[in-house]
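Chemist: The following block contains a protein sequence and its predicted model.
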Amino acid sequence: MGDLLGRLATALGVFAGTNVDDILVLTVLFLSARAVGRPKLWQIWAGQYAGIALLVAISAVAALGLTIVPDQWVGLLGLVPFALGARGLVAAIRAQGQETPPPASVATGLVSVMGITVANGADNISVYTPFFRTIGPSGSVIAVAVFAIGVAVWCLAASWLGSHKKVIAAVQRFGHWIVPGVFMLIGAVIVVESGVINRILT
């Protein structure tokens, strides 16, 4: 019993520690969904689950000794949210002077939500890989179950954070500037913190 509780606690700590920043991303997505109707709420949930599942699958395969994406290049995935944000910013600039601002959303569907989740969690692979390697098959099953519950808790928390009427009203008014800016910042942080720029330059 003590061993099971220890495994549950460890898996919970790993998930929470590697996905703290997802709360911000998910909150912005839920705000966008309520402000402009895109992405749909179910697409946020499904995209988050699909993205985390892909990260776990890649890490599990890497734990077996097979490398799909070299660790030194996963930071390039930060270009996904940066590019989505840049596209939204360009749309906002082009729409200046128009009576109706462009939608605040930069993620318009399931695939883009999944892409943002994978890009934002790319660095998780470096944590999940040794974690799965050391806990073995039975521990990995427990960890996956904890991660699945964790995704639901994260989505519920972000949905609650993104349900305040005043914030939704602000996103409806200024979201076409705020949301792209947030995603460009997230993408830039992923790329810079990964050190991939230095590897390219050297």
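Modeler: Thanks, I have the structure now.

Chemist: mind listing what's buried in the lengthiest helix in the chain?
Modeler: Using DSSP state H to assign secondary structure, the helix with the most residues in the chain is helix 125-161. Neighbour counts using 16 or more other C-beta atoms under 10 Å place 125, 128-129, 131-132, 135, 139-140, 143-144, 146-147, 150-151, 154-155, 158-159, 161 of helix 125-161 among the buried residues. C-beta here means a position set from N, CA and C on the backbone, and glycine is covered the same way.

Chemist: Spatially central, which residue of the protein would that be?
Modeler: Nearest to the mean C-alpha position of the chain, by C-alpha atoms, centre = their mean, lies residue 117 at 2.8 Å.

Chemist: who touches it in this structure?
Modeler: Under the criterion of C-beta atoms under 8 Å, 6 or more residues apart in numbering, the neighbours of residue 117 are 22, 25, 47-48, 50-52, 55.

Chemist: how does it look with 10 Å?
Modeler: Listed by C-beta atoms under 10 Å, 6 or more residues apart in numbering, the contact set of residue 117 reads 19, 22, 25-26, 29, 44, 47-55, 80-81, 107, 151.

Chemist: so which strand or helix has it?
Modeler: Under the criterion of DSSP states H and E, residue 117 resides in helix 110-120.

Chemist: ok, residue 89 touching residue 184?
Modeler: Yes: proximity of residue 89 to residue 184 meets the contact threshold set by C-beta atoms under 10 Å, at 6.8 Å.

Chemist: Quick check: residue 17 vs residue 183, distance?
Modeler: Here residue 17 is placed at a distance of 23 Å from residue 183 (C-beta to C-beta, to the nearest Å).

Chemist: more crowded one of these two?
Modeler: Higher neighbour count among residue 17 and residue 183: residue 183, with 28 against 10, using other C-beta atoms under 10 Å.

Chemist: Quick check: the more buried one vs residue 56, distance?
Modeler: For residue 183, the distance to residue 56 equals 23 Å [C-beta to C-beta].

Chemist: same check, this time on residue 9
Modeler: 18 Å.

Chemist: Between those two, tell me which one has more neighbours.
Modeler: Using other C-beta under 10 Å, the more surrounded residue of residue 9 and residue 56 is residue 56, with 20 against 11.

Chemist: contacting residues for the more buried one?
Modeler: Residues touching residue 56, when contacts are defined by C-beta under 10 Å, 6+ apart, comprise 121, 124-125, 128, 132, 140, 143-144, 147-148.

Chemist: Flag the shaky bits of the chain, pLDDT-wise.
Modeler: Counting by pLDDT under 70, the chain contains low-confidence residues at 1-2, 65-77, 97-107, 167-179, 186, 190, 193-194, 196, 202.

Chemist: which residues in it form helices?
Modeler: Taking DSSP H as the criterion, the chain contains helices spanning 2-18, 22-36, 41-63, 79-94, 110-120, 125-161, 165-194, 196-201.

Chemist: I'd like the distance from the longest one to the chain centre, please.
Modeler: In this case it means helix 125-161. Between the centre of helix 125-161 and the centre of its chain there are 14 Å (C-alpha atoms, centre = their mean, to the nearest Å).
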